[in-house]
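Asker: Sequence plus the predicted model coming up.
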2 protein chains.
Amino acid sequence: MRDVSIIGIGQTAVGEHWDRSLRHLAGDAVLAAMKDAGIEMADALYVGNMLSGPLTGQEHLGALVADFVGLRGIEAVKVEAACGSGAAALRMGYAAVAGGLHDFVIVCGVEKMTDMVHDETTTGLVMAADADYESVHGLTFVSINALLMRRYMYEHNVKHQDFAHFSVTAHQNAMGNPNAMYRSPVTVEQFCQARMIADPINLLDSSGIGDGAAAVVLCPRNMAREYGDGRAVRIRASSMATDSVALHDRHDPLWLSAVEASAVKAYQQAGVSPHDIDLFELHDAFTIMSALSLEASGFAERGKGVWLAQSGEISREGRIPICTMGGLKARGHPVGATGIYQVVEVAQQLRGEAGPNQIPNARLGMAQNIGGSGATAITHILEAQD
Amino acid sequence: MRDVSIIGIGQTAVGEHWDRSLRHLAGDAVLAAMKDAGIEMADALYVGNMLSGPLTGQEHLGALVADFVGLRGIEAVKVEAACGSGAAALRMGYAAVAGGLHDFVIVCGVEKMTDMVHDETTTGLVMAADADYESVHGLTFVSINALLMRRYMYEHNVKHQDFAHFSVTAHQNAMGNPNAMYRSPVTVEQFCQARMIADPINLLDSSGIGDGAAAVVLCPRNMAREYGDGRAVRIRASSMATDSVALHDRHDPLWLSAVEASAVKAYQQAGVSPHDIDLFELHDAFTIMSALSLEASGFAERGKGVWLAQSGEISREGRIPICTMGGLKARGHPVGATGIYQVVEVAQQLRGEAGPNQIPNARLGMAQNIGGSGATAITHILEAQD
């Protein structure tokens, strides 16, 4: 199979875009990525999206976005894996380029969560969970994560405020990202006093949903130098794994098996270990997911994820910087777009374009997108191309 | 790239399965296909589905179905391209196997349209159209096709009853298919007198929606002989093309450009012409789509698709048999599953397992799945493997 590179990146700011429809958001990101790559055509467009049908009454995003950006005719589909939809679409794009089906593939993640015409957002988000065994009983997506967090606190003798630094760090990083939704600092005290959403998850444990789109352009690595002003980023690894959708079906709810499996496969493919990773864009939909992701991905021992945060090791100066542009928490979490935002941000870091948030000498970055409460995990490892 | 074969097929009957949930339907088809192939494991599962979110409140079907069939852990995603979702998922599976990413990929199409908990079906189906420019004005999916049919009748001086044989033939063929939804004959007179849905489309112009699932197992052709009792079917071509989603944006609404583009690419890849095709499972969501598909795919000249039907050339004994197991019209149209049903039926024909509906000496079969009113078209050409 061929090595694959990212030769262009694009993104919109995350926010409440009452003046931009789904197709406008996707179009902005795709056209920016194409301009960045210096291409005017592509062979295929894969769109990661979770909720366009339930929220805006629009499916069929592949053809819709392709046409809107001037690529009418090309192969185009939507890929869905709950909140992991963005990276799942990238995985399909990677397969098409690596396998030789296409040379130039655009992958876009987009979500429009304001201005709903059908269901409301909480009803939409819980479609990531098991409809017949979880949501039917009234569980929302937040309350599923609350069950996880409560159990974690009990098993590992951890207090709620021990999670504070995930939120504090994310907000700190978002202040340097012009595309982030919440560019304001948060203190440990504010975190502890934030209003409750689903006990023990409070407002500042939770990522903010929003509208947004991000896009990347892929091509074979041996063609990448000709595009994007030589700033191409190489995909060293791409992997996906799954677990049961329903929490109660897992052998150990506090161990994200799919995250572990996808991370281990990615390390193997890239021939690296967690120690080699310079930054890690993880899926901090809730602070509990940050802790569990760090543990299952090999950055902390079981039950020790929160301590990595408390000790400052997740900050930009720490051992393993996470959420360097604000993460889901503070950049914002337009669910189906998030996986591509993560990859775009890793690419910004590896290209040395992360502005005040730049991780010095970043060579190897990891992006990990999760669907549901851990039922789907997609891990990509990117490398600065020299 | 590697040649790809279908080594296993499975399907449920299409109907109103009030006693079977979405995951049960998918599970039945996937397990049947795995049994047919003689495999107990796979590398990935791609699920074609359009409306699980809007209709049943369940997204995240990749992980859900993988877990339910005993494949917890493997790569799994949902692929959506409106009514073309099934074949779009097959296209992704084909890319993964042909490109060398995976050896064994299961592709399942599933749709559950009875027992809705969220939106109702008409609201769901119109998500295939343009939400901002078509459905917002009150157009339903049937009425969009009615506009096409009315224009066709005007431009080509064709009467409504001239479309009758598409419906008559489909019902005739469904009588020999135990999995078909409508196994009863229809006469030209009944067709003409059927009640109106959206003028000029009446009940017997329209395919019947339903619940159902179908699945195939793919592997590299050079490994195919070891599986499925030597009845493997080779994928000679796989192609996808798109057009504008909104009807008014097309240069010529009566010419399905995406269908033409995907068919031409498929013929080129397989090195064949329409004359070589022994049977054609086309996307007869409405009789007008049959006529337009035959024309854009090179089986009839512009405006002559209906005459191919009237002359009997689309019957099992004719020049180009279509809808040999009943088609969308009479086998039934569980939208996201339809593309896989078509491929399963072509495989049945090429394996000589189509029972009373067997096309003698069928060697080359084409399956074409359409999303929306022609905005997405996916064409696969299959060959009996010797």
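Answerer: Structure received.

Asker: Once you drop chain neighbours, what's closest to A:G339?
Answerer: Closest residue in space to A:G339, ignoring its immediate chain neighbours: A:G86 at 2.6 Å, by Cβ to Cβ, 6 or more residues apart in numbering or on different chains. C-beta here means a position set from N, CA and C on the backbone, and glycine is covered the same way.

Asker: Now the one you found: which helix or strand?
Answerer: helix A:85-98 (DSSP states H and E).

Asker: right, and the helix or strand after that helix?
Answerer: Sequence order places strand A:105-111 as the next helix or strand after helix A:85-98, per DSSP H and E.

Asker: The residue nearest to A:G339 reaches A:G109, doesn't it?
Answerer: Yes: with contact defined as Cβ atoms under 8 Å, A:G86 counts as touching A:G109 (3.2 Å).

Asker: who touches both of those two?
Answerer: Common neighbours of A:G86 and A:G109 (criterion: Cβ atoms under 8 Å, 6 or more residues apart in numbering or on different chains): A:48, A:214, A:336-341.

Asker: What is the helix or strand of chain A with the lowest mean pLDDT packed up against?
Answerer: Ranking every helix and strand in chain A by mean pLDDT, DSSP states H and E puts helix A:121-125 at the bottom, with a mean of 91. Helices and strands touching helix A:121-125, by 3 or more Cβ pairs under 8 Å, 6 or more residues apart in numbering or on different chains; DSSP states H and E, are helix A:52-56.

Asker: State the helix or strand in which the nearest residue to A:T121 once chain neighbours are set aside lies.
Answerer: Computed as Cβ to Cβ, 6+ apart, the closest residue to A:T121 that is not its neighbour in sequence is A:M113, at 5.6 Å. For A:M113, there is no host helix or strand (DSSP H and E).

Asker: Let me see the confidence value for A:M113.
Answerer: On pLDDT, A:M113 comes in at 94.

Asker: Then A:D119?
Answerer: According to the prediction, A:D119 has pLDDT 67.

Asker: give me phi/psi at A:T114?
Answerer: Main-chain torsions, A:T114, degrees, to the nearest 10: phi -90, psi 170.

Asker: Off-centre distance for stretch A:300-311?
Answerer: Between the centre of stretch A:300-311 and the centre of its chain there are 21 Å (Cα atoms, centre = their mean, to the nearest Å).

Asker: can you list the residues that contact that stretch?
Answerer: A:152, A:155-156, A:158, A:162-166, A:169, A:254-255, A:290-295, A:299, A:314, A:318-320.

Asker: Which ones among those map onto helices?
Answerer: Judged by DSSP state H, the contacts of stretch A:300-311 include A:152, A:155, A:164-166, A:169, A:290-295 as members of helices.

Asker: From these, list just the buried residues.
Answerer: Among these, those buried by neighbour count (16 or more other Cβ atoms under 10 Å in any protein chain shown) are A:152, A:164-166, A:169, A:290-295.

Asker: Neighbours of the residue nearest to A:G339, how many?
Answerer: By other Cβ atoms under 10 Å in any protein chain shown, the residues close to A:G86 number 38.

Asker: likewise A:G124?
Answerer: 28.

Asker: which ones are touching it?
Answerer: With Cβ under 8 Å, 6+ apart, A:G124 has these contacts: A:50-51, A:54-55, A:113, A:116, B:53.

Asker: will you turn these into a markdown table that also has distance to A:R23 and neighbour count?
Answerer: Formatted as a markdown table, those follow (distance: Cβ to Cβ, whole Å; neighbours: other Cβ atoms under 10 Å in any protein chain shown):
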| residue | distance to A:R23 | neighbour count |
| --- | --- | --- |
| A:M50 | 16 | 35 |
| A:L51 | 15 | 31 |
| A:P54 | 17 | 29 |
| A:L55 | 14 | 27 |
| A:M113 | 15 | 26 |
| A:M116 | 16 | 16 |
| B:G53 | 19 | 34 |
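
Asker: my read: A:L350 touches A:E383, true?
Answerer: Yes: under the criterion of Cβ under 8 Å, A:L350 makes contact with A:E383 at 6.9 Å.

Asker: Settle it for me: which of those two has more neighbours?
Answerer: A:L350 (25 against 21).

Asker: How far does stretch A:177-193 sit from its chain's centre?
Answerer: For stretch A:177-193 - counting by Cα atoms, centre = their mean - the centre lies 19 Å from the chain centre.

Asker: Please enumerate residues in contact with it?
Answerer: A:11-15, A:160-161, A:163-165, A:167-168, A:171-172, A:174-175, A:202, A:204-205, A:208, A:210, A:212, A:325-326, A:329-332, A:355, A:357.

Asker: quick one: buried residues of the least confident helix or strand of chain A?
Answerer: Quick answer for helix A:121-125 (16+ other Cβ under 10 Å): A:121, A:123-125.

Asker: okay, A:M116: pLDDT?
Answerer: Note on A:M116: pLDDT of 75.

Asker: B:I6 versus the residue nearest to it when sequence neighbours are not counted, what's the distance?
Answerer: Spatial nearest neighbour of A:M116, excluding adjacent residues (Cβ to Cβ, 6+ apart): A:L55 at 4.6 Å. For A:L55, the distance to B:I6 equals 36 Å [Cβ to Cβ, to the nearest Å].

Asker: Give me the neighbour count for the residue of the stretch 251-386 of chain A found nearest chain B.
Answerer: Using Cβ to the nearest Cβ, the single residue of the stretch 251-386 of chain A nearest to chain B is A:A375, 4.0 Å away. The burial count assigned to A:A375 is 33, neighbours taken as other Cβ under 10 Å.

Asker: just A:S184 next, same as before
Answerer: 11.

Asker: same deal with A:G352?
Answerer: Residues contacting A:G352 under the criterion other Cβ under 10 Å number 14.

Asker: Verify the contact between it and A:Q358 for me.
Answerer: Yes: applying Cβ under 8 Å, one finds A:G352 in contact with A:Q358, separated by 6.4 Å.

Asker: Quick check: which element contains A:I378?
Answerer: Going by DSSP H and E, A:I378 is part of strand A:376-384.

Asker: Helices of the stretch 101-250 of chain A, residue ranges please.
Answerer: Per DSSP state H, counting those that start in this stretch, the stretch 101-250 of chain A carries helices over the ranges A:121-125, A:141-155, A:164-174, A:188-193, A:221-224.

Asker: Likewise for the stretch 251-386 of chain A?
Answerer: Counting by DSSP H, counting those that start in this stretch, residue ranges of the helices within the stretch 251-386 of chain A are A:257-270, A:287-296, A:305-310, A:327-331, A:338-350.

Asker: Looking at those helices, which one is packed in the most?
Answerer: helix A:327-331 (a mean of 31; mean count of other Cβ atoms under 10 Å in any protein chain shown).

Asker: Which other helices and strands does that helix contact?
Answerer: By 3+ Cβ pairs under 8 Å, 6+ apart, helix A:327-331 packs against helix A:164-174, helix A:338-350.

Asker: pLDDT on the helix or strand hosting A:L25, on average?
Answerer: Here A:L25 sits within helix A:22-37, counting by DSSP H and E. If you average the pLDDT over helix A:22-37, you get 98.

Asker: Name the residues that touch that helix?
Answerer: A:7-12, A:17, A:20, A:40, A:42, A:45, A:47, A:52, A:56, A:58, A:61, A:64-65, A:68-69, A:106, A:108-110, A:112, A:211-217, A:219, A:227-228, A:340, B:132.

Asker: Among these, name the ones in strands.
Answerer: Residues of the contacts of helix A:22-37 located in strands (DSSP state E): A:7-11, A:45, A:47, A:106, A:108-110, A:212-217, A:219.

Asker: With adjacent residues omitted, what lies nearest to the residue in chain A that chain B sits nearest to?
Answerer: Residue nearest to chain B within chain A (Cβ to the nearest Cβ): A:G99, separated by 1.3 Å. Take A:G99 and drop its neighbours on the chain: the residue closest to it by Cβ to Cβ, 6+ apart is B:G99, 1.3 Å away.
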